[in-house]
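Engineer: Dropping the sequence and predicted coords here.
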Amino acid sequence: MRHLALTLALLLSPTAALAQYTPSAGQNAPAEAYAPKPTADGKVRFERLKQAPAKDGHGNAAGNQYDLAVDGAFKGQTVLILDQVGNTLVNTRAALAEKGLSTVVYPPGLTPPVRELQSALQKSCELWLISTSQPQLTDDHIRVIKAFFDAGHGVYIWCDNDPLYADANRVASALVPGLGMRGDRYGDLVVGLAERGSAGVAMGHLITTGLEHLYEGVTIATLLLDGQSEPADSLYGGKLEQPGRAWDTAIPAGFTPLLYGSAGNLVSAAYEKDGRRLVIDGGFTRLAVSWDDAGTARFVKNAAAWLVNAERFREKVAVGAPR
């Protein structure tokens, strides 16, 4: 009966109403342990255990059942990646595959022609851009990306320290006017939960499900919202008035901070407005050389799951989602 009650709760809860989400959706530190149990019809039922979740070596709940999405939830869906940098994506692609997401990668120097990009996006549920220092996209490419975004499909913009955000800023500002990245601050630390104005991981967002500790990246860019600017010394490693405190930056409607770096700068944020979703991040080194640091794999999987936008597209993108 307890298992039946849990199953019904998953179907009826507004935060986990879609079948692709785990019972931990929206919880940074799940209080209860769950064991996934495959059912005869190919779905997953979660059995509640009378214990707290085990922790991994970084202090986050251990096990894919504490990710945002159930393994295999998006089987048959494709993430299109425009990789302008060339760092290894082996771990990233394997992590997305756990959630059923296949990946198509255009490597550095092989930016698809506009019509090919348009065709590839028609077969994709979301787009990732990993930006380098020189523009490689034409205005027509960006118009195609904007049409994809305006249709409700997720876009993940990755950049890094100055100058590794050329196309990132062009695309970001086209999709959300005033949005961009700037600067070069040394980080290389693991941050905890952002509580009472501290730097760290946002609490309560679907993307930060299962994350109490997150590695910020090595040298990182700072996210600027709505055309905001910050003093250059702050953006480029100058002395901070309040180390460890989140910078007092106004957050425009639609944005949710996801990660404040150890310097207090905004490193990653989610945007959701009018049925459209975007994530922008100033530390792409986490995808490669820092993959094994705290929380990276889960953050990437959660962000990809959120960007699928199953709340909008439902059974078109998610296995077992309600019609």
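Structural biologist: Nice, thanks for sending it over. Numbering: from 1, shown residues only.
Engineer: going forward, measure contacts between C-alpha atoms and count neighbours the same way
Structural biologist: OK.
Engineer: To what extent is the residue lying closest to N302 once chain neighbours are set aside buried, counted in neighbours?
Structural biologist: Among residues not flanking N302 along the chain, I207 sits closest, at 4.9 Å (C-alpha to C-alpha, 6 or more residues apart in numbering). Neighbours of I207 under the rule other C-alpha atoms under 10 Å: 30.
Engineer: contacting residues around I207?
Structural biologist: Counting by C-alpha atoms under 8 Å, 6 or more residues apart in numbering, I207 makes contact with G26, L68, L258, F299, N302, A303, W306.
Engineer: repeat for M203
Structural biologist: Applying C-alpha under 8 Å, 6+ apart to M203 gives the contacts Q27, N28, L193, A194.
Engineer: State the distance from it to V44.
Structural biologist: For M203, the distance to V44 (C-alpha to C-alpha, to the nearest Å) stands at 26 Å.
Engineer: So for the residue nearest to N302, what's the pLDDT?
Structural biologist: Confidence at I207, expressed as pLDDT, is 99.
Engineer: ok, now E230?
Structural biologist: 62.
Engineer: and if you look at the one 3 residues further on?
Structural biologist: The predicted structure scores D233 at 59 on the pLDDT scale.
Engineer: just the one 3 residues further on next, same as before
Structural biologist: Y236 is assigned a predicted lDDT (pLDDT) of 62.
Engineer: With the one 3 residues further on instead?
Structural biologist: Per-residue confidence for K239 comes out at a pLDDT of 57.
Engineer: can you pull out the helices in this structure?
Structural biologist: Assigned helices in the chain, in chain order: 2-12, 90-98, 114-121, 139-150, 166-175, 232-235, 296-307, 310-313 (criterion: DSSP state H).
Engineer: The contacts of I207: which two are farthest apart?
Structural biologist: L68 and L258 (14.5 Å; C-alpha to C-alpha).
Engineer: Would you mind telling me which of those two has the busier surroundings?
Structural biologist: Set side by side, L68 and L258 give different neighbour counts by other C-alpha under 10 Å, the larger being at L68 (31 against 25).
Engineer: any idea how far that one is from V190?
Structural biologist: Distance, L68 to V190, using C-alpha to C-alpha: 21 Å.
Engineer: Check G295 too.
Structural biologist: The gap separating G295 from V190 is 9 Å, by C-alpha to C-alpha.
Engineer: Please verify my assumption that P163 contacts N169.
Structural biologist: No. In this structure, P163 is not within contact of N169 by C-alpha atoms under 8 Å, at 10.6 Å.
Engineer: quick one: average confidence on stretch 136-146?
Structural biologist: Averaging pLDDT along stretch 136-146 yields 99.
Engineer: again, but for stretch 155-171
Structural biologist: Stretch 155-171 shows a mean pLDDT of 97.
Engineer: picking that back up, now for the contacts of M203, which pair is the farthest apart?
Structural biologist: Using C-alpha to C-alpha, the two most remote members of the contacts of M203 are Q27 and A194, lying 13.6 Å apart.
Engineer: As CSV, the contacts of I207 with distance to F74 and pLDDT would be great.
Structural biologist: Formatted as CSV, the contacts of I207 follow (distance: C-alpha to C-alpha, whole Å; pLDDT from 0 to 100):
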residue, distance to F74, pLDDT
G26, 19, 96
L68, 12, 98
L258, 23, 97
F299, 17, 98
N302, 12, 99
A303, 13, 99
W306, 11, 98
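Engineer: can you put the residues you listed in CSV and add distance to G275?
Structural biologist: CSV is the format used below for the contacts of I207 (distance: C-alpha to C-alpha, whole Å):
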residue, distance to G275
G26, 19
L68, 19
L258, 19
F299, 22
N302, 18
A303, 16
W306, 12
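Engineer: Got the domain ranges for this structure?
Structural biologist: Residue ranges for the domains of the chain, per automatic domain parsing: 2-67, 77-313.
Engineer: V319 is nearest to which of those?
Structural biologist: Closest to V319 of the domains of the chain is domain 2-67 (C-alpha to C-alpha; 7.0 Å).
Engineer: Keeping just the C-alphas, turn stretch 63-70 into PDB.
Structural biologist: Extracted in PDB, the C-alpha atoms of stretch 63-70 (Å, rounded to 0.1, in the frame of the first residue of the first chain):
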ATOM      1  CA  GLY A  63      22.700   7.300  -7.100                       C
ATOM      2  CA  ASN A  64      20.800   8.300 -10.200                       C
ATOM      3  CA  GLN A  65      17.500   8.000  -8.400                       C
ATOM      4  CA  TYR A  66      18.400  11.400  -6.900                       C
ATOM      5  CA  ASP A  67      18.800  13.100 -10.300                       C
ATOM      6  CA  LEU A  68      16.000  15.100 -11.600                       C
ATOM      7  CA  ALA A  69      15.000  12.600 -14.300                       C
ATOM      8  CA  VAL A  70      14.400   8.900 -14.300                       C
END
